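*Asks:* need coordinates for the following:
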Amino acid sequence: MKKNMQSMVLPGIFIVLVAAFSPAVAQDSIVVGCPLPLKASYGENGMRGIVLATEEINDQGGIKVGDKTLPVKLEILDTEDLTPGITQEQAMAKVESLIKDKKADVLVGGPNRSEYGLAAMDVVAANNVVHIASSGCYTPKWHKEKFASDPKKYRKSFRMSGNIAWYIQETKDLLAVLKEKYGFTTMYILVQDALMCRDAAAIVKKIAIADGWKVVGEEAAPSTTTDFKPYLEKCKKSGAQLLFMWNYSPNTSYLFEQWREMEVPALPMGYVEAAEDPGFWRKTRGKCAYSVICLSEAGVTLSDVTPKSRSYYEAYEDRWGVPPRGTSSAASYEAMYVLKDAVERAGSLDPEKLIPALEKTNLSLVRGTIRFDENHQFILGYDPKTSALGNWAQWQNGQRVTIWPPAAKSGDLKMPPWLEWFWKNKK
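*Replies:* Numbering: from 1, shown residues only. Here you go, the predicted model:
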């Protein structure tokens, strides 16, 4: 199964996946249940990473459990948890169905929505199954509050997907570089008018001001906005050197096009879901050039963070016909190898044996080295030998080029020529 599946719609992919792994009967396979919001890009990213890793593992014979080597059978279920109107109860019922109806030995994947990811911890706690969260649910409440409140109860939950607290720290450190190296000190904040985006931007504003930045403007645009010119005009007049964004609306392609056409003398930077897509350059006709976007995961751009990073990128592109998109892609791929490593060291799928094996994980993969802390949160940092790395990339000549963190860097930050000209003549 290679590129012949890449053009199929998600329901088709699900059918093919079931057929592909159906020859193995339940007692002769490891059933991995994958709860994912398949209609959302993040869910699709996670599905593709899991499928790629599973195909590689099965091509190598499977996973050794004691004296048997078993193939992996995937049961992928659309939780729809990022679809408006889907309740927490509906999403949790689907997670439970993977455990009770599909007889999953382990869960890998979502849910993605943070509050649903937290709820899934209770479903897992009530059942005899380990869950490796590899897609979504970035809230620090996962490990700092919920897991920490009762480590014994939630010991079957592990998280490899991400942690917004660390990504805010990365943002702070990158802002410090812009301030020190380029002399930037003024920021205009433009976010989607959604609670999560407003709250996250408020944190960025707080740390920026503490580090000596001046916020010269702040706006929240409705999710349906396609005309960003009024906001960009304010940014242009504000004296901002940096346009900081936090937006999950697909309409942000208009923002970049209008930013370029107006030659706004502020470098665009932030968390913009649509701009993670490898096809975003084509969609904006190259007008996203110079924008700096958080991709969350090292290895989803061509790099050599570890020996596995480049091979993963190339295998993903060969399998799916596109480069890895960003959020959830690498994490979900890695999760399958973390599972394989732990099962083989434990010699068992029994959660009571698998949990201590997972806790001792120390595995060099795509983003760096995967290890877990005492709250089962994977460790993020700047050293790929001891932690997993994030990824801030700039759109340059049709490619996403990683400019931060230093150990994942594949190119240097470039400034829009009109921005350099504008500020040079301002002095």
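
*Asks:* center of the protein - which residue?
*Replies:* residue 327 (2.1 Å; C-alpha atoms, centre = their mean).

*Asks:* figure out the helix or strand that the nearest residue to that one once chain neighbours are set aside lives in.
*Replies:* Closest residue to residue 327 apart from its sequence neighbours, by C-beta to C-beta, 6 or more residues apart in numbering: residue 296 at 4.7 Å. Every residue, glycine included, has its C-beta placed from N, CA and C. For residue 296, there is no enclosing helix or strand under DSSP states H and E.

*Asks:* centre of the chain to stretch 146-162, how far?
*Replies:* Chain-centre distance of stretch 146-162: 19 Å, with C-alpha atoms, centre = their mean, to the nearest Å.

*Asks:* rounded mean pLDDT for that stretch, please.
*Replies:* What stretch 146-162 shows for mean pLDDT is 97.

*Asks:* about what we covered before: for the residue nearest to residue 327, give me its contacts.
*Replies:* Counting by C-beta atoms under 8 Å, 6 or more residues apart in numbering, residue 296 makes contact with 162, 167, 326, 327, 390, 391.

*Asks:* which pLDDT value belongs to it?
*Replies:* 93.

*Asks:* next one: residue 420
*Replies:* For residue 420, the pLDDT comes out at 69.

*Asks:* same question, residue 399
*Replies:* 95.

*Asks:* give the contact list for it.
*Replies:* By C-beta under 8 Å, 6+ apart, the contact set of residue 399 is 281, 301.

*Asks:* ok, the one 10 residues further on next?
*Replies:* Applying C-beta under 8 Å, 6+ apart, one finds that residue 409 lies in contact with 303, 402, 403.

*Asks:* now with 10 Å, please.
*Replies:* By C-beta atoms under 10 Å, 6 or more residues apart in numbering, the contact list for residue 409 reads 298, 303, 305, 391, 392, 393, 401, 402, 403.

*Asks:* what about it, distance to residue 331?
*Replies:* 20 Å (C-beta to C-beta, to the nearest Å).

*Asks:* and if you look at residue 171?
*Replies:* Taking C-beta to C-beta, one finds residue 171 at 19 Å from residue 331.

*Asks:* and residue 402, by the same measure?
*Replies:* Going from residue 402 to residue 331 by C-beta to C-beta gives 16 Å.

*Asks:* what about the two, which has more around it?
*Replies:* In terms of neighbours (other C-beta atoms under 10 Å), residue 331 is the more surrounded of residue 402 and residue 331; the figures are 34 against 25.

*Asks:* shouldn't that one be in contact with residue 158?
*Replies:* No. The criterion here is C-beta atoms under 10 Å, and residue 331 misses it with residue 158 at 11.6 Å.

*Asks:* common neighbours of the two, please.
*Replies:* Common neighbours of residue 331 and residue 158 (C-beta under 10 Å, 6+ apart) are 108, 132, 133, 134, 338, 378.

*Asks:* now the closest residue to residue 404 other than its chain neighbours: phi and psi?
*Replies:* Nearest residue to residue 404 in three dimensions, chain neighbours excluded: residue 392, at 4.0 Å (C-beta to C-beta, 6+ apart). Torsion angles at residue 392 (phi, psi; degrees, to the nearest 10) stand at phi -110, psi 120.

*Asks:* quick one: residues contacting residue 392.
*Replies:* Contacts for residue 392 (C-beta under 10 Å, 6+ apart) come out as 167, 170-171, 173-174, 269-270, 292-296, 298, 400, 402-405, 408-409, 413.
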